[in-house]
Structures are given as structure tokens and as C-alpha cells.
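Student: give me the fold of what follows.
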Amino acid sequence: MEKNKYPQVDRRQGGDRRRRRKYRFHDRRSGFDRRVNGVKMGVLKRTLIALRDRPTALRRLLIAINILNLADFLLTLIALESGGQEANPVLRRLFALSPLWAGIFKLVAVLAASLLIWETRCYRKALIVGLCILVVLTLLFVYHVVALASISESPFR
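Tutor: Presented below is the predicted three-dimensional model:
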């Protein structure tokens, strides 16, 4: 083997980087937002970051969830008086006992879920659960309104 086949020439420029002082900004990220911002992010990711960074938006989302839950309970009572049935087996048993117990259970359960989402708002999964609850309750509200409109317009009534 040749001894000087690869000459030991130092080609580095700019001095020793180990001695250069450099300020590092350690930001407080919670972990689920990556450095990509703007157009490349999806709608869900931007929504989750907005909910995490803006407590007012999350508060409004949780208030909307609780209002839709209350509306669902009231529309369920109207549907039960019109001859409908409760689809949820847990609430069906509670409605058999008393509508008051069903209402208390329903309101307390969703309020507890809202408080849990609020306390764990820095986690992506908690915010996704909050958005899913909002979508489900919105669809349930639309279902109740359409069903009650069709019952009231029924010619057999």
C-alpha cells in the first residue's frame, strides 16, 4: 500500500466551529406540530394546532358540544313523546327509569368529557376526540331535526 495515496490536506474554512458561540432558541413545543407550516399542512393539522394554541377557540368548541348535547336530549324527549325509541341502550334503560336520570347521566358524561379534553388539550388525540364528538353531535342534531320534520308533515298523523 502506498503511504501518501491520500494526502492529509486540511480544506476546512472559517475557523474552529466548536469555539464559536451560538444562541439556540429552545421553544416550547408540545410535540405534535412539526416545523412545516402553511400550505403544506393539512386542514386537520392546522385545526388541531389552532385549537391548542387558542384557548378561546377550544372553549367555544366545548361549549358547542355541551349545547348540542342538551339539544339532543331535548329533541330525544320530543321524539319519545311522538312515539320514537331511544337508540342508545344505556340511555334507553335510564329513560325507562326516569327521563330525569337519563338527562343527568347524559349531561354529566359529556361535561366530564369536555373537562377531560380541556385538561389534556396539549395532546393531539384529545383534540381529535373533541372534534369527533362535535361532528357526531352535529350529525345527531341534523338527524333529529329531519326526523321531527318528517313526523310533523306525515299525512298519517
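Student: what sits up against stretch 71-88?
Tutor: If you take CB atoms under 8 Å, 6 or more residues apart in numbering as the criterion, stretch 71-88 is touched by 91-92, 95, 99, 102-103, 106-107, 137, 140-141, 144-145, 147-148, 151. Backbone N, C-alpha and C define where each C-beta goes, glycine included.
Student: if you set the cut-off to 7 Å instead, what comes out?
Tutor: Contacts to stretch 71-88, defined as CB atoms under 7 Å, 6 or more residues apart in numbering, come from residues 92, 95, 99, 103, 106, 137, 140-141, 144, 147-148, 151.
Student: can you put those in CSV and add neighbour count and pLDDT?
Tutor: Formatted as CSV, the contacts of stretch 71-88 follow (neighbours: other CB atoms under 10 Å; pLDDT from 0 to 100):
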residue, neighbour count, pLDDT
Arg92, 13, 91
Phe95, 20, 91
Pro99, 16, 92
Gly103, 18, 93
Lys106, 19, 95
Leu137, 20, 96
Leu140, 17, 95
Phe141, 16, 96
His144, 18, 92
Ala147, 15, 88
Leu148, 15, 85
Ile151, 15, 77
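Student: just those residues: which are in helices?
Tutor: Applying DSSP state H to the contacts of stretch 71-88, the entries found in helices are 92, 95, 99, 103, 106, 137, 140-141, 144, 147-148, 151.
Student: contacting residues around stretch 55-62?
Tutor: Contacts for stretch 55-62 (CB under 7 Å, 6+ apart): 50-51, 114, 117-118, 121, 130, 134.
Student: which among the residues you listed end up buried?
Tutor: Burial by neighbour count, judged by 16 or more other CB atoms under 10 Å, picks out 51, 114, 117, 121, 130 from the contacts of stretch 55-62.
Student: what's the spacing between the third one and Ile133?
Tutor: According to CB to CB, to the nearest Å, Ile117 and Ile133 sit 8 Å apart.
Student: need the residues touching each of those two.
Tutor: Counting by CB under 7 Å, 6+ apart, no residue touches both Ile117 and Ile133.
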